[in-house]
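Trainee: build me a structure from this.
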Amino acid sequence: MPQRKTETIAEMRLPTAELRDDIPFYTKTLGMRMDMIYPADNPQVAVFSGHGLRLRIEKGAAEAPGTLRILTDDPDGFANGERRLTAPNGTRVEIEERNPPLVLPPTQHEFVVRRLADQAPWIIGRAGMHYRDLVPSRLGGSIIASHIRIPDGGPVPDMVHYHKVGFQLIFCVGGWVDVVYEDQGEPMRLTRGDCFIQPPEIRHRVLEASDNVEVIEIGVPAEHVTEIDHEMTLPTPHLRPGREWQGQRFVYNRAEGAEWLPFRLPGYIARDTTISDNTGGVAGVQVVRRGEGEPAWASHSADIHFTFVMAGTVTLEGEGRDPYPLTAGDAFVIPPGIRTRLSDPTDDVELLEVTLPGRFDTRLG
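Mentor: Numbering: from 1, shown residues only. Presented below is the predicted three-dimensional model:
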């Protein structure tokens with residue numbers, strides 16, 4: 001005789017004062033299925049399932065009624081378009097969009113200088129990574145800039161996941177890290193000076209890292225959702241380097257063999273990571289070094305202008321402000337229209353400049 005297959009089911013228990021009042025609400029209003037009810041002569045318990053949830057409504061249960069959130073692609077067509085309901089048993093029901101549009105908050109411009117020597121705390125975040133916040137104000141929620149490190153190398157306890165973002169950059173400033181991406185072939189190693197742009201919702205997974213790897217991660221907006229994809233296995237079988245995600249292409253830009261050209265500011269040279277071209281101008285990323293000539297005063301028209309010092313030293317001067325001597329690990333944000341100058345750079349200075357948008361005006365003098 002064949003053995004019966006065992007199955008484990010989880011359910012959430014909610015209280016009720018009168019079960020007969022709840023049955024039409026959960027079945028008709030919320031569109032759930034009633035799977036069980038007992039006893040027949042005077043029902044005290046009913047079990048409903050639907051929308052990925054199993055509910056046990058039990059007369060006299062000690063639990064609070066709680067809140068039930070239902071996510072749907074058609075909230076206006078669900079429950080007659082009502083977004084907030086209260087069930088007869090007291091459970092609050094919130095109807096929300098399953099994939100709400102990404103909201104980019106307006107930038108609250110601020111002159112920011114963040115020094116490594118100030119010893120801002122490192123916070124342990126996702127997958128055991130250590131995070132240091134480089135722009136604490138988040139410029140009103142428009143951007144998050146994180147200095148991330150993994151002290152102990154080896155396999156990273158990560159899962160296939162994706163981010164609901166408008167723009168996201170991973171730039172390696174030390175060590176190495178192996179990452180695999182959807183439709184981009186075998187795992188890729190990011191080493192010092194290399195960067196990835198992760199288009200919105202591209203599936204990926206961090207596999208392994210060296211001891212003390214350090215990266216800069218830029219995300220727009222500051223608060224964005226990370227979702228786990230339990231179905232996809234990486235690497236995927238197809239190689240699609242030209243694929244776009246919401247108008248953006250994946251970029252793996254390597255420092256080795258890069259071409260260095262005059263920078264937009266006198267006294268410096270830069271290499272373009274091609275990110276502006278591959279995001280349709282959403283953002284630009286350049287690596288900047290000391291060049292010929294003397295640094296000059298300048299202002300810019302970019303909405304967000306972030307810089308991280310990767311090596312050497314430089315002095316940030318700003319109108320009406322004391323000079324800021326900066327060294328490796330420091331970061332700053334310059335608002336549009338503010339005159340500044342990057343003076344006294346050492347020969348080994350190296351800066352990471354991230355701007356939104358990727359194309360903007362620079363005014364010298």
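
Trainee: would you check how far apart the nearest residue to residue 190 once chain neighbours are set aside and residue 290 are?
Mentor: In this structure, residue 190 finds its nearest non-sequential neighbour in residue 172, 4.5 Å apart by Cβ to Cβ, 6 or more residues apart in numbering. C-beta coordinates here come from the backbone N, C-alpha and C atoms, glycine included. According to Cβ to Cβ, to the nearest Å, residue 172 and residue 290 sit 21 Å apart.

Trainee: what does residue 85 give?
Mentor: The gap separating residue 85 from residue 290 is 64 Å, by Cβ to Cβ.

Trainee: neighbour count: these two, which is higher?
Mentor: residue 290 (20 against 17; other Cβ atoms under 10 Å).

Trainee: quick one: contacts for the more buried one?
Mentor: Going by Cβ atoms under 8 Å, 6 or more residues apart in numbering, residue 290 touches 267, 268, 269, 312, 345, 346, 347, 348, 349.

Trainee: neighbours of residue 80, how many?
Mentor: 8.

Trainee: now swap in residue 346 and tell me
Mentor: For residue 346, the neighbour count with other Cβ under 10 Å is 12.

Trainee: again, but for the one 10 residues further on
Mentor: By other Cβ under 10 Å, 23 other residues sit near residue 356.

Trainee: on that earlier part again, most surrounded residue in the contacts of residue 290?
Mentor: residue 268 (23 neighbours).

Trainee: in this structure that one contacts residue 289, no?
Mentor: Yes - contact criterion Cβ atoms under 8 Å: residue 268 and residue 289 qualify, at 6.6 Å.

Trainee: where along the stretch 251-365 of the chain do the strands fall?
Mentor: For the stretch 251-365 of the chain, the strands defined by DSSP state E, counting those that start in this stretch cover 251-253, 261-262, 268-272, 284-290, 298-300, 304-311, 313-318, 324-327, 331-333, 340-343, 350-356, 362-364.

Trainee: which among those strands is found nearest to residue 122?
Mentor: Distance to residue 122, taken as Cβ to Cβ, is lowest for strand 331-333 among the strands of the stretch 251-365 of the chain, at 14.6 Å.

Trainee: for that closest one, packing partners?
Mentor: strand 112-114, strand 304-311 (3 or more Cβ pairs under 8 Å, 6 or more residues apart in numbering; DSSP states H and E).

Trainee: give the other helices and strands that the last one contacts.
Mentor: For strand 304-311, the elements it packs on are strand 144-150, strand 213-220, strand 331-333, strand 350-356, judged by 3+ Cβ pairs under 8 Å, 6+ apart.

Trainee: list the neighbouring strands of the longest one plus their orientation.
Mentor: Its sheet considered, strand 213-220 pairs with strand 144-150 (antiparallel), strand 167-174 (antiparallel) by DSSP bridges.

Trainee: contact partners for residue 302?
Mentor: 336, 355, 356, 357, 360.

Trainee: neighbours of the nearest residue to the fourth one once chain neighbours are set aside, how many?
Mentor: Going back to what we said before, that points to residue 357. By the measure of Cβ to Cβ, 6+ apart, the closest residue to residue 357 outside its immediate chain neighbours is residue 281, 5.3 Å from it. Residues lying near residue 281 (other Cβ under 10 Å) number 14.
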